[in-house]
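Engineer: from the sequence below, what's the structure:
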Amino acid sequence: MKDWVLHYLGTLGAGGLFLGLIIEALGIPFPGGLMTLLAGILVNQGRLDFYHILAAAVLGFNVGATAAYLIGRCVGEPFLLRYGKYLMVTPAKFDQARSWMYRSAPAFIIFGRFVPMVSNLTPYLAGISRLPFVQFLIYNSVFALSWVSFNLGIGIFFGHHWESIFSLIQSRLPLLALGVLVVYLLYLIIKQKTLHRT
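Structural biologist: The predicted structure follows:
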């Protein structure tokens, strides 16, 4: 996989990463994180330009997420429940993600994207819930910039140890993001209960 992605990125450059992250942002199972990390290795080697790669990755992720948002907004919940299996989404995951979305859109869109399977639903649910598009795009851009910068940075600075670092990211980062999301939702619940008492 690593060699194929390096060859793909080395041949297609920023355009290849742009296309790859459109697929990733649509929620289709795809090695977008690995691709971005390996792009960082190629930046470190001087084979790719950092600013071109950063711009292509953030733009590609936003294009894919916008397409998913529009599908959710125009086609709605029946589409996602019917075809969710192709995004590895179960009805239970859908209901759980929808409740998180209604409690806090910013936390769901920014931190929820780090949680496996919930991340696939994020832009679709934002569209289904009729979250204003500009608001969605701002939150999604914050996530995209953070996620892309993080993966590129690891590739640039720790490229020679990529296998162990990528394994660590895959195992620990989703748990950390889930923890942050849970803490934030608990904070919102406690705050809401406190307001009702006063």
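
Engineer: could you list the low-pLDDT ranges of this structure?
Structural biologist: Under the criterion pLDDT under 70, the flagged ranges of the chain are 1-8, 10-11, 87-88, 116-117, 159-178, 180-181, 184, 191-192, 195-198.

Engineer: nearest spatial neighbour of the most centrally placed residue in the chain, chain-adjacent residues omitted?
Structural biologist: For the chain, the residue nearest the mean C-alpha position is R113 (4.2 Å; Cα atoms, centre = their mean). Distance criterion Cβ to Cβ, 6 or more residues apart in numbering; nearest residue to R113, sequence neighbours excluded, is S119 at 4.5 Å. (Glycine included, C-beta is placed from N, CA and C.)

Engineer: helix or strand right after the strand or helix carrying the one you found?
Structural biologist: Assigned by DSSP states H and E, S119 belongs to helix 118-128. Using DSSP H and E, the next helix or strand after helix 118-128 towards the C-terminus is helix 133-158.

Engineer: and that next one, how far out from the chain middle?
Structural biologist: Distance of helix 133-158 from its chain centroid, counting by Cα atoms, centre = their mean, to the nearest Å, is 8 Å.

Engineer: can you list the buried residues in that helix?
Structural biologist: Across helix 133-158, burial judged by 16 or more other Cβ atoms under 10 Å covers 136-137, 139-141, 143-144, 147-148, 150-152, 154-156, 158.

Engineer: what angle do the helix or strand containing S99 and helix 118-128 make?
Structural biologist: Under the criterion of DSSP H and E, S99 resides in helix 91-103. Angle between the axes of helix 91-103 and helix 118-128 is 60 degrees (criterion: axes from the mean of the first three to the mean of the last three Cα atoms, to 10 degrees).

Engineer: off-centre distance for helix 91-103?
Structural biologist: How far helix 91-103 lies from its chain's middle: 17 Å, per Cα atoms, centre = their mean.

Engineer: and after that helix, which helix or strand comes next?
Structural biologist: Going down the chain from helix 91-103, the next helix or strand is helix 105-111, by DSSP H and E.

Engineer: who touches that next one?
Structural biologist: 97, 100-101, 122, 125-126, 129, 131, 135-136, 139-140, 142-143, 146, 177, 180-181, 184-185 (Cβ atoms under 8 Å, 6 or more residues apart in numbering).

Engineer: is it true that N151 touches L37?
Structural biologist: Yes. Contact criterion Cβ atoms under 8 Å: N151 and L37 qualify, at 4.7 Å.

Engineer: what sits against F157?
Structural biologist: Residues counted as contacts of F157 (Cβ under 8 Å, 6+ apart) are N44.

Engineer: separation between it and I128?
Structural biologist: From F157 across to I128, the span is 39 Å (Cβ to Cβ, to the nearest Å).

Engineer: and what of S149?
Structural biologist: Between S149 and I128 the computed distance is 29 Å (Cβ to Cβ).

Engineer: got it, and R103?
Structural biologist: 15 Å.

Engineer: now for the residue nearest to F50 when sequence neighbours are not counted, how many residues are close by?
Structural biologist: Excluding the flanking residues, the one nearest F50 by Cβ to Cβ, 6+ apart is V43, at 4.9 Å. Counted with other Cβ atoms under 10 Å, the neighbours of V43 add up to 22.
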